[in-house]
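Student: With the sequence up front, the predicted model follows.
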Amino acid sequence: MGGVSVRAKVNPMDSTIKRATQIFQDFLKGRNLKVTGERKIILDAVFKTHDHFDVEELYKTIQDLNHRVSKATIYRTLELFVECGLVNKLSLGDSFSRYEHIYGHEHHDHLICVSCGKIIEFFNEDLEKLQDKICRDHNFKETDHSLRIFGHCEDCAGSG
């Protein structure tokens, strides 16, 4: 009599969070920094957020999960995430920044509405090829790039 095999569903995000955690732990170890409970809480909250966020939104998310982490710790930890390549920081002018976790996601660029703050992600293969050509033409070895286009989204363009 054959047994029935039951396979648990694996959430791909769980393995992404585990790999991101290992990357962050290795990064901290290389800098002689500690893996603290607060840093783990922040990492978990960041990877459960699937939109662009600011520090205030992340702080509220962490509070809603009944954790206590200071905003200063959130700011410092986000900068560490940026340094080790887990998070992207989008500077939107006026000393306002939004963040997104990028580890486990495909490269994309951003359209940013200056009226309402809406962020639209996009990818354009022709644009990527042009950027590669520009680098080749100038004997330039790219390590990373970010394109942000500021303007007015469809909703705001009609109201102004």
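Tutor: That came through, no problem.
Student: For the rest of this, base every contact and every neighbour count on C-alpha atoms.
Tutor: Noted.
Student: Name the spans of this protein whose pLDDT lies under the cut-off.
Tutor: 1-13, 93-95, 159-160 (pLDDT under 70).
Student: per-domain residue ranges of it.
Tutor: 12-105, 107-160 (automatic domain parsing).
Student: so after the longest helix along the chain, what's the next helix or strand?
Tutor: In the chain, with assignment by DSSP state H, the single longest helix is helix 12-30. Going down the chain from helix 12-30, the next helix or strand is helix 37-48, by DSSP states H and E.
Student: Check the offset of that following helix from the chain's centre.
Tutor: 13 Å (C-alpha atoms, centre = their mean, to the nearest Å).
Student: Who are the packing partners of that helix?
Tutor: Contacts defined by 3 or more C-alpha pairs under 8 Å, 6 or more residues apart in numbering; DSSP states H and E place helix 37-48 against helix 12-30, helix 55-64, helix 71-83, strand 97-101.
Student: Give me whichever of the ones you listed is most buried.
Tutor: strand 97-101 (a mean of 19; mean count of other C-alpha atoms under 10 Å).
Student: if I look at residue 152, how far off is residue 68?
Tutor: Residue 152 sits 37 Å away from residue 68, going by C-alpha to C-alpha, to the nearest Å.
Student: With residue 77 instead?
Tutor: Taking C-alpha to C-alpha, one finds residue 77 at 14 Å from residue 68.
Student: show me what contacts residue 56?
Tutor: residue 71 (C-alpha atoms under 8 Å, 6 or more residues apart in numbering).
Student: Over to residue 60?
Tutor: Applying C-alpha under 8 Å, 6+ apart, no residues contact residue 60.
Student: same question, the one 10 residues further on
Tutor: Residues counted as contacts of residue 70 (C-alpha under 8 Å, 6+ apart) are residue 59.
Student: Just to check, residue 121 is in contact with residue 108?
Tutor: Yes: contact status for residue 121 versus residue 108: in contact at 6.2 Å, counting by C-alpha atoms under 8 Å.
Student: more crowded one of the two?
Tutor: residue 108 (16 against 12; other C-alpha atoms under 10 Å).
Student: separation between the closest residue to the more buried one other than its chain neighbours and residue 81?
Tutor: Of all residues not flanking residue 108 in the chain, residue 123 sits nearest, at 4.9 Å (C-alpha to C-alpha, 6 or more residues apart in numbering). Distance, residue 123 to residue 81, using C-alpha to C-alpha: 23 Å.
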